[in-house]
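1. need a structure here:
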Amino acid sequence: MTNFSRAGVYLAAMTFGAGLTGQALAETTVVVGYQQIVGPFINAIADGSIDAAAEKAGYKIDWRQFSSGGDISTALASGNVPVGVIGSTGIAAATTRGVEMQLFWILDNIGKSEALVARSGSGIESPADLAGKNVAVPFVSTSHFHLLVGMDQVWKIDPRSVNILNMKPPQILAAWQRGDIDAAYVWPPVLSELMKDGKVIADSEQIGAASVPTFDGLVVSTDFAKENPEFMQAFTDALAASYADYNANKAAWTADSAQVANIVKLIGGEAAGVVEALGMLSFPDAAEQASATWLGGGALKAVSESARFLVEQKQIDKALDDYAPFVNASFAQAAAK
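-> Coordinates of the predicted model:
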């Protein structure tokens, strides 16, 4: 649902007052910033569970909202923000450009929240029918990445046979309503609007299972993680608990539930829309985080493939030979025990 400068949500942390080393942990305040997203993470902010875990480790969190992915990328590069949430394409871009950071938690598997929808009357019943059609997608986004991966690796369709148009989500909706496009690959809320007069013929859950997934992930400055293991483990343990609770009780996250009310309180929107968005995403628990599906291998493959994609789109000059140093499964592994 995001391009490399916007990942849905962003988590930032910086220390104030005394330094990170040689001082009492109780003196360390961490500013954590977030953006609009749905999921256990936002509920864990609202219900105070992450705050409580951090406090036991000797840290105080000051929650703040960031306005854009560009802001967080700049802050990560400058060293002022040691922890952040970035999409898989963003992680590839930032690490390639020299930002020393590590992916340590998969915030969400984008899954069904990004999909290829064909307009009613377009004559598209399956991906094989895309040839000669006008298909809109925001370029250099996770949707664009999966559209091209789907064509190349899954459906075996020559992208040159399809008229792929670069449009932002609001432009996609307007073009759809005018009848100018036959299909689009996009995320909510535009995806929800297109589905009213269209048919989903593929989504990122299907394409991810057949190739590589797209995701939003938490990253941390390599130095910050090394110097603040107590904070990192407390934070990750709290995340693991919130994800386990969601996966065990997701049916209880209804429009009138306290959890959904917490999310609406922090990010706005309507309760029904939050419930709908939750159903389109999947939230891997700690054991799955640490497994070969994600931090144990799958995430590395996804970041590497995303880097290749960014080179093809001329967003970066050259991909790195190895992205393994930028994935750290240790905190999730400890949380899963």
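2. So residue 221 is in contact with residue 101, correct?
-> Yes. If you go by C-beta atoms under 8 Å, residue 221 and residue 101 touch, sitting 5.5 Å apart. Placement of C-beta: from N, CA and C, glycine included.
3. and for the two, which residues touch both?
-> residue 76 (C-beta atoms under 8 Å, 6 or more residues apart in numbering).
4. What residues of stretch 145-161 count as buried?
-> Neighbour counts over stretch 145-161 (16 or more other C-beta atoms under 10 Å) mark 145, 146, 147, 148, 149, 150, 151, 154, 157 as buried.
5. in the stretch 1-150 of the chain, which spans are strands?
-> Applying DSSP state E, counting those that start in this stretch to the stretch 1-150 of the chain gives strands spanning 15-16, 28-34, 59-65, 83-87, 101-109, 115-119, 134-137.
6. hey, which of the ones you listed is tucked in deepest?
-> Highest mean neighbour count among these (mean count of other C-beta atoms under 10 Å): strand 83-87, with a mean of 29.
7. re earlier: need the buried residues of stretch 145-161 in CSV (columns: pLDDT and distance to residue 314).
-> As requested, the buried residues of stretch 145-161 are exported to CSV (pLDDT from 0 to 100; distance: C-beta to C-beta, whole Å):
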residue, pLDDT, distance to residue 314
145, 91, 14
146, 93, 19
147, 94, 17
148, 92, 14
149, 91, 18
150, 94, 21
151, 94, 19
154, 93, 24
157, 94, 22
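8. which among those gets closest to residue 284?
-> Relative to residue 284, the closest of the buried residues of stretch 145-161 is residue 146; by C-beta to C-beta it sits at 18.2 Å.
9. and that closest one, what does it touch?
-> 114, 185, 204, 207, 208, 211, 214.
10. any idea how far the first one is from residue 245?
-> In this case it means residue 114. 26 Å (C-beta to C-beta, to the nearest Å).
11. mind checking which of the strands of the stretch 1-150 of the chain is nearest residue 170?
-> Closest among the strands of the stretch 1-150 of the chain, once you apply C-beta to C-beta, is strand 134-137, at 11.3 Å.
12. elements contacting that closest one?
-> helix 142-149, strand 163-166, helix 169-178, strand 183-186 (3 or more C-beta pairs under 8 Å, 6 or more residues apart in numbering; DSSP states H and E).
13. So which elements touch the second one?
-> Contact partners of strand 163-166 among helices and strands, from 3+ C-beta pairs under 8 Å, 6+ apart: strand 134-137.
14. List the buried residues in the longest helix along the chain.
-> Secondary structure of the chain per DSSP state H: the longest helix is helix 229-249. Going by neighbour count (16+ other C-beta under 10 Å), the buried part of helix 229-249 is 231-246.
15. list the helices and strands that helix packs on?
-> helix 40-46, helix 49-56, strand 59-65, strand 101-109, helix 286-290, helix 330-336.
16. Tell me how far the closest residue in space to residue 331 that isn't next to it in sequence lies from residue 114.
-> Nearest non-adjacent residue to residue 331, counting by C-beta to C-beta, 6 or more residues apart in numbering: residue 236, 4.1 Å away. Distance of residue 236 to residue 114, given as C-beta to C-beta: 26 Å.
17. before we move on, what about residue 286?
-> Taking C-beta to C-beta as the measure, residue 286 falls 25 Å from residue 114.
18. When these two are compared, which one has more neighbours?
-> residue 114 (30 against 22; other C-beta atoms under 10 Å).
19. Pull the contacting residues for that one.
-> So residue 114 contacts 1, 142, 143, 146, 185, 186, 187, 191, 203, 204, 214 (C-beta under 8 Å, 6+ apart).
20. rerun at 7 Å
-> Residues in contact with residue 114 (C-beta atoms under 7 Å, 6 or more residues apart in numbering) are 1, 142, 143, 146, 185, 186, 187, 203, 204.
21. can you check residue 200 too?
-> Counting by C-beta under 7 Å, 6+ apart, residue 200 has contacts 115, 117.
22. For residue 240, give me its contacts.
-> Listed by C-beta under 7 Å, 6+ apart, the contact set of residue 240 reads 285, 286, 335.
23. My guess is the last one contacts residue 238. True?
-> No. Distance between residue 335 and residue 238: 9.0 Å, which falls outside the contact criterion (C-beta atoms under 7 Å).
24. picking that back up, compare the mean pLDDT across the helices and strands packed on helix 229-249 and name the weakest.
-> The weakest mean pLDDT among those belongs to strand 59-65, with a mean of 79.
25. who does it touch, helix- and strand-wise?
-> Helices and strands touching strand 59-65, by 3 or more C-beta pairs under 7 Å, 6 or more residues apart in numbering; DSSP states H and E, are strand 28-34, helix 49-56.
26. and of those, who's closest to residue 227?
-> Smallest distance to residue 227 across the helices and strands packed on strand 59-65 (C-beta to C-beta): 10.4 Å, for strand 28-34.
27. Show me what that closest one is packed up against.
-> Using 3+ C-beta pairs under 7 Å, 6+ apart: strand 28-34 touches strand 15-16, strand 59-65.
28. The longest one pairs with which strands?
-> Pointing back at strand 59-65 there. With DSSP bridges as the test, strand 59-65 is paired with strand 28-34 (parallel).
29. Let's see the partner strand as PDB, backbone CA atoms only.
-> The C-alpha trace of strand 28-34 is given here as PDB (Å, rounded to 0.1, in the frame of the first residue of the first chain):
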ATOM      1  CA  THR A  28      16.300   7.900  28.800                       C
ATOM      2  CA  THR A  29      13.200   9.200  27.000                       C
ATOM      3  CA  VAL A  30      12.300   7.800  23.600                       C
ATOM      4  CA  VAL A  31      10.100   9.700  21.300                       C
ATOM      5  CA  VAL A  32       8.000   7.200  19.300                       C
ATOM      6  CA  GLY A  33       6.200   8.600  16.200                       C
ATOM      7  CA  TYR A  34       3.400   6.900  14.300                       C
END
